[in-house]
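Undergrad: Sequence first, predicted coordinates after that:
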Amino acid sequence: MSKTITYVVTYENRRWVSRCPAGEVEGVGVASSLSQLERDLAEIHAWAWPEETPAVEFVFDLPEEVAGVVAEYRREKELAEAHAKRAAELAVKAARVLTSHWSEPDTARVMGLSKQRVHQLKVNA
């Protein structure tokens, strides 16, 4: 896939509606579910550009009452992923340091993990 075509998607009259503001695709796509809308647009892309079919990307134009909640969720999800990554890095470091002093079962008890997980952290890092 050489490029991506972005659609602005809204929910109108119990249907998901897509519009292409950049003009690569004319008209409006309508479907009862986002997965159906994405499949329909992918089929249109495959038909219109058989050699290099563009990917489909959605930008949601949501009502204010839900847009704020979605934005907050996405921020918190990004933070959680960053924290999870850092925790995984520290788990490896802790497993290495602690097993240089104690057994894997004792290290597991201190870290609150299974001894199998401590072994994985120690050998796979």
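TA: That came through, no problem.
Undergrad: what's the lengthiest strand in the chain packed up against?
TA: Assignment by DSSP state E gives strand 4-12 as the longest strand of the chain. Counting contacts by 3 or more CB pairs under 8 Å, 6 or more residues apart in numbering; DSSP states H and E, strand 4-12 packs against strand 15-19, helix 34-48, strand 55-60. Every C-beta, even on glycine, is put in place using the N, C-alpha and C of the backbone.
Undergrad: nearest to Ala87, of these?
TA: strand 55-60 (30.5 Å; CB to CB).
Undergrad: And the helix or strand following the closest one, what's buried?
TA: Elements were assigned by DSSP states H and E; along the chain past strand 55-60, the next helix or strand is helix 64-99. Within helix 64-99, the residues scored as buried using 16 or more other CB atoms under 10 Å are Ala91, Ala94, Ala95, Leu98, Thr99.
Undergrad: Not counting its neighbours along the chain, what's nearest the third one?
TA: Meaning Ala95. Leu121 (3.8 Å; CB to CB, 6 or more residues apart in numbering).
Undergrad: Can you tell me which of the buried residues of helix 64-99 is closest to His83?
TA: Ala91 (12.3 Å).
Undergrad: which residue sits closest to that closest one, ignoring its sequence neighbours?
TA: Nearest to Ala91 is Leu121, by CB to CB, 6+ apart, at 5.6 Å.
Undergrad: quick one, what contacts that neighbour?
TA: Residues near Leu121 by CB atoms under 8 Å, 6 or more residues apart in numbering: Ala91, Val92, Ala95, Arg96, Leu113.
Undergrad: Tell me which two in those are the farthest apart.
TA: Using CB to CB, the contacts of Leu121 span at most 13.4 Å, a distance reached by Arg96 and Leu113.
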